[in-house]
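J.: Please find the sequence and the predicted model below.
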There are 4 protein chains.
Amino acid sequence: MLVLLKKGAGETVASDVAGRLRMAGFSVHRTDHDGQVRIGAVGDGAGVEWDEVRRWPGVESVARIPVPFKLASRAFHPHDTVITVGRCAIGSDQLALMAGPCSVEGEEQVFRIAAAVAEAGATVMRGGAYKPRTSPYSFQGLGEEGLRLLRRAADAHDLAVVSEVMDTQQVELVARYADVLQVGARNMQNYSLLREVGHSTKPVLLKRGLAATIEEWLMSAEHVISHGNAQVILCERGIRTFETYTRNTLDLNAIPVVKELSHLPVIVDPSHGTGLRDKVAPMARAAIAAGADGLIIEVHHDPDHALSDGVQSLWPEQYAGLVQQIATIAAVLGRRL
Amino acid sequence: MLVLLKKGAGETVASDVAGRLRMAGFSVHRTDHDGQVRIGAVGDGAGVEWDEVRRWPGVESVARIPVPFKLASRAFHPHDTVITVGRCAIGSDQLALMAGPCSVEGEEQVFRIAAAVAEAGATVMRGGAYKPRTSPYSFQGLGEEGLRLLRRAADAHDLAVVSEVMDTQQVELVARYADVLQVGARNMQNYSLLREVGHSTKPVLLKRGLAATIEEWLMSAEHVISHGNAQVILCERGIRTFETYTRNTLDLNAIPVVKELSHLPVIVDPSHGTGLRDKVAPMARAAIAAGADGLIIEVHHDPDHALSDGVQSLWPEQYAGLVQQIATIAAVLGRRL
Amino acid sequence: MLVLLKKGAGETVASDVAGRLRMAGFSVHRTDHDGQVRIGAVGDGAGVEWDEVRRWPGVESVARIPVPFKLASRAFHPHDTVITVGRCAIGSDQLALMAGPCSVEGEEQVFRIAAAVAEAGATVMRGGAYKPRTSPYSFQGLGEEGLRLLRRAADAHDLAVVSEVMDTQQVELVARYADVLQVGARNMQNYSLLREVGHSTKPVLLKRGLAATIEEWLMSAEHVISHGNAQVILCERGIRTFETYTRNTLDLNAIPVVKELSHLPVIVDPSHGTGLRDKVAPMARAAIAAGADGLIIEVHHDPDHALSDGVQSLWPEQYAGLVQQIATIAAVLGRRL
Amino acid sequence: MLVLLKKGAGETVASDVAGRLRMAGFSVHRTDHDGQVRIGAVGDGAGVEWDEVRRWPGVESVARIPVPFKLASRAFHPHDTVITVGRCAIGSDQLALMAGPCSVEGEEQVFRIAAAVAEAGATVMRGGAYKPRTSPYSFQGLGEEGLRLLRRAADAHDLAVVSEVMDTQQVELVARYADVLQVGARNMQNYSLLREVGHSTKPVLLKRGLAATIEEWLMSAEHVISHGNAQVILCERGIRTFETYTRNTLDLNAIPVVKELSHLPVIVDPSHGTGLRDKVAPMARAAIAAGADGLIIEVHHDPDHALSDGVQSLWPEQYAGLVQQIATIAAVLGRRL
């Protein structure tokens, strides 16, 4: 339920209402909008008569949130959530530009790419140290050593770091090195992992599952938020369809839909969304034109020898050219790099 | 097979080579590129030794076209096909802006909308007179009377006309009124209809089927071209996936893919591709940013009372605003309205 | 609307009620069930007060049919429709066994296969004379000559004939030779063709489209029935999914679903549904176990040299073995060959 | 690589070959077939000249396994894997009948259902103690208390137990109570979890992901086997398509396909595969007719009050009736309960 307090209701009233709902067994979440305190009471409360709550001092109205993703909804939280990561305010008029290699492969590689993407205008560096691989016989990532290299390379160029966490037992370790914890598409409904990153203080980049509906994706965000971490960045990365020419079908329809349903920022991954290098730039431009809050793109200085996903990685100079085009398109929507 | 003549090989040589291949049973198609004549020999020819053809006078090389859509491929026809429809050169640097109501409903409606879309910058008017409807009990269109109204309204505003043809027996009639014959998504593999429009002199707008792969779509174009009509405009209008929030999933990946595989122009229909009015503009912008050659958009002056598809039709003023945004994005790609 | 007459209401009452509804502009369809006349009034009627109709003499009740496929629904027609084709009562406890080559290729071929499938227990022979082919350069069928051969071969072995019709202009011709008119998957929403076969006196085999929902499939059946031809046999032949190992994904869930929603018989095509010879028998058995009313299976005496679909055609002896297994499974459901 | 030893090559030879490959860095797996030792060498070995291995004493041949799922393939392991769980030999001619409630809800419930399914003929009891739920606000399962109840109820009726494990940190706990560890559809590509159950001594029931290709499913099995646990039972439970009438589309094509590609047993879950109670029995029959090695079915004595999935749970008497039908169909394929 959404309990809206009257304008001017002070902190005492707010904490009193929150406390009573908490005592009734609800999980209580608060947001402020337009001078009003909004209290979301979710979960299994009992013994509360909502008609009575309407008459509690300071309460203006009580309403059911009409979607299953309560805390992720615009009904609960009408204004855009902005998540600050390093130099970037994700969800604001500033676009989030994340870039880097698929996997961290070694010191030279990661430092070279960090320099290139920072120079091109990126503010966040991506790079996998723990890699979910279809085959148990493929390169599985450098683990902690990879995280350490990634952090050093990013720091050298004033970049923030996003890296994937695959298991509940890795959350603490990855959070030690990364600024943003990525939950991969294959783990979008790994509810144990969602709970664990929900307890972290680091923002979470939540990729859409290969066959996840938009509602399920927002429900997975709700898992994270309901455990206490409201800093969720959604990431569209392509869904699975019958079309086989591209690796996935990038669903850009999802961008305006998510923007309507939710207050969370949503970025796009055209690298996985197409799987083909020369399709990345057109779809990156399209994502921004559709209203995405940013892009996460695979860049590699030597993609032909990359240990993973080389075929969809941009050359650094391609990435730099793309960023210039993005800047002009962003301006059409009142946004900037 | 693709038979490439030597630069400077005259018309006599060209028609001699073509004639010999035709006598061998092939269907012969010609295109010129970069000062060279290219002859595509398709279908069931027999008794030709290709090694011998290589030695025919004036022949530079003979090569297999490595895709099943021979005449629709860039291998046969390297440069972009440009199709002139009224004031618009579709496939050139000028974007094709097609707009109008889902169905022609009556004189006042069609004249009002024609005025509005022409004013906003459209050059082609869309409108259905024969409507493919899921239910036999829904409005099936005004038939020839609708075509007549559409033609008059378009003429009054110097617009060209595109309208759907559903059956082989309608082709001649629709071609009498329309400048472009639309083959709908549900008929993309109606091969009898493709053959019939392949015999027409009017350009064909070929919508992608709901579950058609890009290859199958190009194969359907090949059906049309192989019967003699090379003026095919492809139209992406959304594919069917598990996502139910939007009517269809607009597959913008298809734009750069088609542009690589084929020389045919490709436009986008964000109205059917989303099915939701306020998602049309973002996806229209995205389509142009992805490299589409134009847009076909449903516009209605009174969408709440439209006899079909009102919920996805733009108000005229929304359309006008969108066209302005499109102009700026187009410039990023070196294009114009 | 469904107008249910009182038990014992005579023919005069029935034709009076039907006449009055027809005069009000409705299309009127009648079925009898359990000693009661049921009248379905569909389409655009006007000026009828349903509350008043309830008080017409002989009328027991008036109810809305709560699904969009009115005449195809069990609400209108509660008992199973049985369609007699040659020696087979399709939709009864007798299973419909249809078999034969993908395409009619010549006299020897079609006579040999007819003998084999008749011997194995089939009662209907399939064979394509007009072939919808993805490529304009593939074998397109023998046309009328193929129909003539098919008819003669079938007659020689007391088999009925089912063959595909691709275009409104072919309906009359195909109906001259075939007992059942097949509408292919790619034409499931070719509404002009549905209308035309709706005017035929021959039963229609309506294949499910590659991406058609069950509701859309029944709506296409409704098109046929609403034009006067109630003899529609549905055919599940696989839908398109992301899985690429099999040609299509045979959706056997559809069998019990259709049986609940509709009174029409539904058969299964495991040849197209799998696209792989050694998967045909398992899925044919599964179809019968799921409650299908019959099977349509591609059989060829020399599949390696078939002009189409050889890779999914059974050898005659495989087909004969399968029919034996089917008989035992059918008995579990109280059915027989 | 697959190293095939000569017939009669003794244990010394076998362990010598295995040891040399292990020293070269390979992970080495052995299976015996038809009196011959077969050694699979997978992973990153180096410095081995396969032409030389061919000449090692006792080696008959060396061949590449031509599919990415090496140890899960029939090429490596030609005969059917049989996994013994309680009284059931899964993968033999005996069908595996697993049944029970979606979630363990309490003592009375689980004992009542255990009695009913045992009486009907089931040999393995299913029941969830840790539940993956789309909503964080839904019932999440009783946890260890649920496992304890499930174990006691199963023991009282001589049933084995299968229960889901959602996280690497739960594996040891669940393995203490259950005979089979279930990995759910949403975790099919949770590679950390696959590795962990790969280290367990308990068999693993691996559900197919909602959008997983058959190859990806077998690759996930490969993850488990490559970590040492060869007892993997595959479970088809429906994939996600555009069809919305049923919860999922049960892909029975997958049964004969898996049987050809792999030696692992494969069972079917028609409860999740349809999501509709009255569609469960037809699809259960179909699964067995298609060649499945067993069924896992949700049964509840009071489905209207079940805490999860009541709408797809069978009544105990429905389940008992179904088992009788299954027995007859199984006999057609030379199998038994």
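T.: On my side now, so go ahead. Numbers count the residues shown, from 1 in each chain, chains lettered A, B, ... in the order given.
J.: The longest helix anywhere in chain A close to chain B?
T.: Determined from DSSP state H, the single longest helix within chain A is helix A:316-332. Yes: on the criterion Cβ under 8 Å from any Cβ of the partner chain, helix A:316-332 is in touch with chain B at A:Gln325, A:Thr328, A:Ile329, A:Ala331, A:Val332. The C-beta positions use only the backbone N, C-alpha and C, and glycine is treated the same way.
J.: any idea which element A:Cys235 lies in?
T.: strand A:232-236 (DSSP states H and E).
J.: Can I get that strand in CSV? Just the C-alpha atoms.
T.: In CSV, the C-alpha atoms belonging to strand A:232-236 read as follows (Å, rounded to 0.1, in the frame of the first residue of the first chain):
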residue,chain,number,x,y,z
VAL,A,232,19.0,-0.6,-9.2
ILE,A,233,20.1,0.2,-12.8
LEU,A,234,18.2,-1.8,-15.4
CYS,A,235,19.9,-3.0,-18.5
GLU,A,236,18.3,-4.2,-21.7
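J.: what's the average pLDDT for the next helix or strand after that strand?
T.: Proceeding N to C from strand A:232-236, the next assigned helix or strand is helix A:254-261, under DSSP H and E. Mean per-residue pLDDT for helix A:254-261: 98.
J.: elements contacting helix A:254-261?
T.: helix A:214-226, strand A:232-236, strand A:266-268, helix B:277-289 (3 or more Cβ pairs under 8 Å, 6 or more residues apart in numbering or on different chains; DSSP states H and E).
J.: what do you get if the cut-off is 10 Å, keeping everything else the same?
T.: Packing contacts for helix A:254-261, counted by 3 or more Cβ pairs under 10 Å, 6 or more residues apart in numbering or on different chains; DSSP states H and E, involve helix A:214-226, strand A:232-236, strand A:266-268, helix A:277-289, helix B:277-289.
J.: Of all the residues in the stretch 1-150 of chain A, which one is nearest chain D?
T.: A:Pro136 (4.4 Å; Cβ to the nearest Cβ).
J.: Bridged to the residue nearest to A:His79 when sequence neighbours are not counted, which residues?
T.: Leaving aside its sequence neighbours, A:His79 sits nearest to A:His33 (Cβ to Cβ, 6 or more residues apart in numbering or on different chains; 5.6 Å). On the basis of DSSP bridges, A:His33 is bridged to A:Gln36.
J.: OK, contacts around A:His33?
T.: A:Leu4, A:Phe76, A:His77, A:Pro78, A:His79, A:His263 (Cβ atoms under 10 Å, 6 or more residues apart in numbering or on different chains).
J.: got a list of contacts for the host helix or strand of A:Ala14?
T.: Using DSSP H and E, A:Ala14 maps to helix A:11-23. Outside helix A:11-23, the residues that touch it by Cβ under 10 Å, 6+ apart are A:1, A:3, A:5-6, A:9-10, A:26-30, A:32, A:37-42, A:45, A:47-48, A:53, A:56-59.
J.: Select from these every entry located in strands.
T.: Those of the contacts of helix A:11-23 mapping onto strands are A:3, A:5, A:27-30, A:32, A:37-42, A:59, per DSSP state E.
J.: tally of neighbours for A:Ile65?
T.: Burial measure for A:Ile65: 18 neighbouring residues, criterion other Cβ atoms under 10 Å in any protein chain shown.
J.: Kindly report the same for A:Val280.
T.: Residues near A:Val280, counting by other Cβ under 10 Å: 27.
J.: pretty sure it contacts A:Leu314?
T.: Yes: if you go by Cβ atoms under 10 Å, A:Val280 and A:Leu314 touch, sitting 5.8 Å apart.
J.: Now list whatever residues contact both of the two.
T.: A:Pro270, A:Ser271, A:Ile297, A:Glu298, A:Val299, A:Leu322.
J.: hmm, which of the residues you listed are the buried ones?
T.: Buried by 16 or more other Cβ atoms under 10 Å in any protein chain shown: A:Pro270, A:Ser271, A:Ile297, A:Glu298, A:Val299, A:Leu322, out of the shared contacts of A:Val280 and A:Leu314.
J.: Let me see the mean pLDDT of stretch A:210-221.
T.: 97.
J.: now stretch A:300-316
T.: For stretch A:300-316, the per-residue pLDDT averages 92.
J.: picking that back up, can you tell me which of the ones in strands among the contacts of helix A:11-23 lies closest to chain C?
T.: A:Val42 (34.1 Å).
J.: dump the residue contacts of the closest one.
T.: A:1-2, A:21, A:26-29, A:65, A:70-71, A:76, A:222, A:225-226, D:135-137.
J.: what about 7 Å?
T.: Residues in contact with A:Val42 (Cβ atoms under 7 Å, 6 or more residues apart in numbering or on different chains) are A:Phe26, A:Ser27, A:His29, A:Lys70, A:Leu71, A:Ser226, D:Tyr137.
J.: measure it to A:Arg74 for me?
T.: As judged by Cβ to Cβ, to the nearest Å, A:Val42 and A:Arg74 stand 16 Å apart.
J.: hmm, back to that, now restrict the ones in strands among the contacts of helix A:11-23 to buried residues only.
T.: Those of these that meet the buried threshold are A:3, A:5, A:27-30, A:37-42, A:59, by 16+ other Cβ under 10 Å.
J.: Output those in JSON lines; the columns should cover pLDDT and distance to D:Ala211.
T.: As requested, these are exported to JSON lines (pLDDT from 0 to 100; distance: Cβ to Cβ, whole Å):
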{"residue": "A:Val3", "pLDDT": "96", "distance to D:Ala211": "39"}
{"residue": "A:Leu5", "pLDDT": "96", "distance to D:Ala211": "43"}
{"residue": "A:Ser27", "pLDDT": "91", "distance to D:Ala211": "31"}
{"residue": "A:Val28", "pLDDT": "94", "distance to D:Ala211": "36"}
{"residue": "A:His29", "pLDDT": "95", "distance to D:Ala211": "32"}
{"residue": "A:Arg30", "pLDDT": "94", "distance to D:Ala211": "37"}
{"residue": "A:Val37", "pLDDT": "95", "distance to D:Ala211": "42"}
{"residue": "A:Arg38", "pLDDT": "95", "distance to D:Ala211": "36"}
{"residue": "A:Ile39", "pLDDT": "96", "distance to D:Ala211": "38"}
{"residue": "A:Gly40", "pLDDT": "95", "distance to D:Ala211": "32"}
{"residue": "A:Ala41", "pLDDT": "94", "distance to D:Ala211": "35"}
{"residue": "A:Val42", "pLDDT": "93", "distance to D:Ala211": "29"}
{"residue": "A:Val59", "pLDDT": "96", "distance to D:Ala211": "45"}
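J.: Quick check: closest non-adjacent residue to A:Arg126.
T.: Spatial nearest neighbour of A:Arg126, chain neighbours left out: A:Gly100 (4.0 Å); criterion: Cβ to Cβ, 6+ apart.
J.: nope, A:Val268 is what I was after
T.: Nearest non-adjacent residue to A:Val268, counting by Cβ to Cβ, 6+ apart: A:Ala287, 3.7 Å away.
J.: if I read this right, the residue nearest to A:Arg126 contacts A:Met125, doesn't it?
T.: Yes: counting by Cβ atoms under 7 Å, A:Met125 is a contact partner of A:Gly100 at 4.4 Å.
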